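Sharing a model that was predicted from the sequence below.
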Amino acid sequence: MLSRRQITILLTTGVVFWFIFAVVIRSLPMVFNAGIWNAVLFVATIPLGWVLVTLIKRLADLTPELTVPGATLAFAIAFLIDGIVFTWLDWVYGDTALHVRTAAAFILYGAGVTLGLALWRRQTGNL
């Protein structure tokens with residue numbers, strides 16, 4: 001079971017991850033135009049997800065058994081923030097509908113990839 005300290009760290013980590021990605025999304029609109037850079041970004045998300053799982057595990061001092069629940073909690077808060085921003089504050093992500101949709105999709109995709117990697121690493125004993 002996650003301790004209160006771990007829960008606090010994981011929730012904070014999820015918010016910080018979302019914020020960092022939101023700043024990147026807002027700062028680099030050319031990457032989120034559904035062109036080749038967008039494809040490169042989605043592929044690059046896979047090794048980034050590997051690093052994020054390791055970072056989550058270390059920051060919250062998680063055992064291998066708690067890494068998947070911990071990563072799920074961290075990214076659940078990122079999912080919730082993404083949903084709120086995409087629905088009511090879409091200007092946070094960008095100025096065009098394409099930029100906003102692609103940015104929101106990137107956050108969902110990245111979180112999904114990271115959670116999938118956490119599960120895969122746990123199942124293969126690679127944590």
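Arrived safely. Residues are numbered from 1 along each chain as shown.

wait, Leu119 sits on Pro64?
No - using CB atoms under 8 Å, Leu119 makes no contact with Pro64, being 11.7 Å away. The C-beta positions use only the backbone N, C-alpha and C, and glycine is treated the same way.

More neighbours: the two, which one.
Higher neighbour count among Leu119 and Pro64: Leu119, with 15 against 12, using other CB atoms under 10 Å.

end-to-end on stretch 84-103?
Stretch 84-103 has an end-to-end distance of 13 Å (CA to CA, to the nearest Å).

now that stretch: mean pLDDT?
Mean pLDDT, stretch 84-103: 92.

How about residues contacting it?
With contact meaning CB atoms under 8 Å, 6 or more residues apart in numbering, stretch 84-103 is reached by Ala22, Ile25, Arg26, Pro29, Phe32, Asn33, Ala34, Asn38, Ala104.

burial of the fourth one, as a residue count?
Here the number of neighbours of Pro29 (other CB under 10 Å) works out to 16.

what's near enough to touch it?
Taking CB under 8 Å, 6+ apart as the contact definition, Pro29 lies against Gly94, Asp95, Thr96, His99.

Any figure for the gap between it and Leu108?
Pro29 sits 18 Å away from Leu108, going by CB to CB, to the nearest Å.

what's the burial count for Ile46?
13.

Do I have it right that it meets Val113?
Yes - counting by CB under 8 Å, Ile46 does reach Val113; the two are 6.0 Å apart.

what about the nearest residue to Leu11 once chain neighbours are set aside, helix or strand, and which?
Closest residue to Leu11 apart from its sequence neighbours, by CB to CB, 6 or more residues apart in numbering: Ile77 at 5.4 Å. If you go by DSSP states H and E, Ile77 is part of helix 64-88.
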